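[1] the following comprises the amino acid sequence and a computationally predicted model.
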Amino acid sequence: MRILILAGWYPNQENPMKGIFVREQAFALAKAGLPVAVFYPFDEAINPGEMNYQIEGSIPVYRANTLGFRNRYLARLVSYYTAHQRLAEIVKLFRPDLIHVQVGYPAGIVAYLFTRHHKIPYVITEHMSYLQDYVAKWQHRILLTPTFEQAAYVLPVSQALAEQFKSFGWKVKLKPVPNVVNTERFTPTAPGAQTKNPALKDQRIAPRTIRILFAGNLDETQIKGVQYLLPAFAQVCRETSHPKLHLDLVGDGVKRTTYEELTKHLGITDCCTFHGRVDPQAMPELYRASDFVILPSLKETFGCVLIEALATGKPVLATNCGGPQSIVNEKVGLLVQPGSIEELVQGIRKMLTKLDQYKSAELREYAITHYSGQAIAVRLMEIYEKVLQ
């Protein structure tokens, strides 16, 4: 069974975190013994019109930039046509039995147009919380409707996203399958191991500090809810002198300067560290340095940072905004309502009283059982076999 992953998002030189969960899934399938290749036709880190090939890890990866046409009205049509041609070349070389699309718009449309003339089945894993915004526009809906209806299966990454699909009224075969998290890389600190992260201090000398970790984009949409997190954190800091609190913020974007100014206004500059964009290889150590992880998003289809935290044995505080409901239960963390400073204040307060109740080994076991590469690969292989039968 040969699987070609047609990726709408995938890590590149400009953004090593973009679609990293797609790459993790590809690695998981390869580790399970399936021949896997990846085609990413929307890589703007390479020159327009070019296609590159290299082995990344153990996986053949084809990268093309089909988005270089200057006229924005024609750019998408040209991209579909060029991606279609490149896909035909790769299919001829790799000879897949099945195409696994990651993100329906626009990668799914490319698969739909291609398979109208090639008898290769495809499934679509959908990640986009804002898919409904595309569906609302007739020019997108014309292609998105048959794209999803012709897929052998549609695999939303959460039950909340599956419910969104049902609201569209499409005739699709839904089977929610969560993202993969690399539970071999995200691990608790081994007993007696010395952390390399300077954020961890020797608690025998320094006063106890509770470290809270946020990881996400700081972009114009403010979808990650940092505008609510910072005032909430400031309020709890004013209430709590022992233990001391510190907020680590990982991520970058146009709103970073605004948030840094907000910490000055709130008087919490000394209690916050903006790390900017962090190398993915350094992230496990930041999780280990934290006491719990917070995700205050207004909308999420999944929430990979929550699983990464649990895999490192850390509890989580998240908002009831879609994907987190499928992940967070009372044994692994807390859920609060999104878009509310007071809800986050109450959540942080409660986490501070419950920290000693969470068991690192139990949190990690939960992550491995439900979201490890091995667990998700088994589920996907069962789906592939049904499709090919």
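    Okay, I see it.

[2] ranges for the strands of the stretch 51-200 of the chain?
    Secondary structure of the stretch 51-200 of the chain by DSSP state E, counting those that start in this stretch: the strands cover 51-56, 59-64, 98-102, 122-126, 153-156.

[3] which other helices and strands contact the fourth one?
    Think strand 122-126. strand 98-102, helix 109-115, strand 153-156, helix 373-388 (3 or more C-beta pairs under 8 Å, 6 or more residues apart in numbering; DSSP states H and E). For every residue, glycine as well, the C-beta is placed using N, CA and C.

[4] and that strand, how far from the chain's centre?
    16 Å (C-alpha atoms, centre = their mean, to the nearest Å).

[5] so, low pLDDT: which residues of the stretch 251-389 of the chain?
    For the stretch 251-389 of the chain, no stretch has pLDDT under 70.

[6] how about stretch 239-256: buried residues?
    245, 246, 247, 248, 249, 250, 251, 252, 253, 255, 256 (16 or more other C-beta atoms under 10 Å).

[7] closest one to residue 130 out of the residues you listed, please.
    residue 253 (16.6 Å; C-beta to C-beta).

[8] quick check, that closest one in contact with residue 222.
    No: using C-beta atoms under 8 Å, residue 253 makes no contact with residue 222, being 9.3 Å away.

[9] let's have the helices and strands packed on strand 122-126 in a markdown table, adding distance to residue 305 and mean neighbour count.
    A markdown table is the format used below for those (distance: least, C-beta to C-beta, whole Å; neighbours: other C-beta atoms under 10 Å):
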| stretch | distance to residue 305 | mean neighbour count |
| --- | --- | --- |
| strand 98-102 | 19 | 25 |
| helix 109-115 | 29 | 22 |
| strand 153-156 | 19 | 24 |
| helix 373-388 | 17 | 16 |
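
[10] residue 86: which of those is closest?
    Here helix 109-115 is closest among the helices and strands packed on strand 122-126 (C-beta to C-beta), at 9.2 Å.

[11] roughly how far out does the closest one sit from the chain middle?
    So, by C-alpha atoms, centre = their mean, the centroid of helix 109-115 is 24 Å from its chain's centroid.

[12] now swap in stretch 145-156 and tell me
    The answer for stretch 145-156 is 21 Å, by C-alpha atoms, centre = their mean.

[13] my guess is residue 292 contacts residue 350, does it?
    No: shown here, residue 292 and residue 350 do not form a contact pair, counting by C-beta under 8 Å, at 10.8 Å.

[14] these two: who's more crowded?
    residue 292 (21 against 13; other C-beta atoms under 10 Å).

[15] and the more buried one, its phi and psi?
    Backbone torsions for residue 292, taken as degrees, to the nearest 10, come to phi -160, psi 160.

[16] from residue 214, how far out is it?
    The spacing between residue 292 and residue 214, counted by C-beta to C-beta, to the nearest Å, is 11 Å.

[17] just the helices from the stretch 251-389 of the chain, written as ranges.
    256-266, 283-289, 304-311, 324-327, 341-354, 360-371, 373-388 (DSSP state H, counting those that start in this stretch).

[18] mind putting these in a markdown table, distance to residue 90 included?
    Formatted as a markdown table, the helices of the stretch 251-389 of the chain follow (distance: least, C-beta to C-beta, whole Å):
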| stretch | distance to residue 90 |
| --- | --- |
| helix 256-266 | 38 |
| helix 283-289 | 31 |
| helix 304-311 | 27 |
| helix 324-327 | 33 |
| helix 341-354 | 46 |
| helix 360-371 | 29 |
| helix 373-388 | 19 |
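
[19] returning to that earlier point: in CSV: the helices and strands packed on strand 122-126, plus distance to residue 146.
    Formatted as CSV, those follow (distance: least, C-beta to C-beta, whole Å):
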stretch, distance to residue 146
strand 98-102, 14
helix 109-115, 6
strand 153-156, 13
helix 373-388, 18
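
[20] thinking again about what came up before, between the helices of the stretch 251-389 of the chain, which one is nearest to residue 235?
    Evaluated with C-beta to C-beta, these place helix 341-354 nearest to residue 235, the distance being 5.2 Å.

[21] so which residues make contact with the closest one?
    210, 212, 228-229, 231-233, 235-236, 239-240, 292, 294, 296, 315, 317, 319, 333-334, 336-337 (C-beta atoms under 8 Å, 6 or more residues apart in numbering).

[22] could you do stretch 103-120 as well?
    Counting by C-beta under 8 Å, 6+ apart, stretch 103-120 makes contact with 6-9, 19, 41-42, 76, 79-80, 83-84, 87-88, 91, 96-99, 101, 121-122, 124-128, 131, 134, 140, 143-144, 146-148, 150-151, 154, all of which sit outside it.

[23] poorly predicted segments of the stretch 51-200 of the chain, please.
    By pLDDT under 70, the weakly predicted segments of the stretch 51-200 of the chain are 69-73, 190-200.

[24] can you tell me how far the closest residue to residue 228 other than its chain neighbours is from residue 181?
    Spatially, and ignoring its direct neighbours in sequence, residue 228 is nearest to residue 341 (5.2 Å; C-beta to C-beta, 6 or more residues apart in numbering). Using C-beta to C-beta, residue 341 is found at 29 Å from residue 181.

[25] higher neighbour count, these two?
    The neighbour count for residue 341 versus residue 181, taken as other C-beta under 10 Å, is higher for residue 181 (30 against 18).
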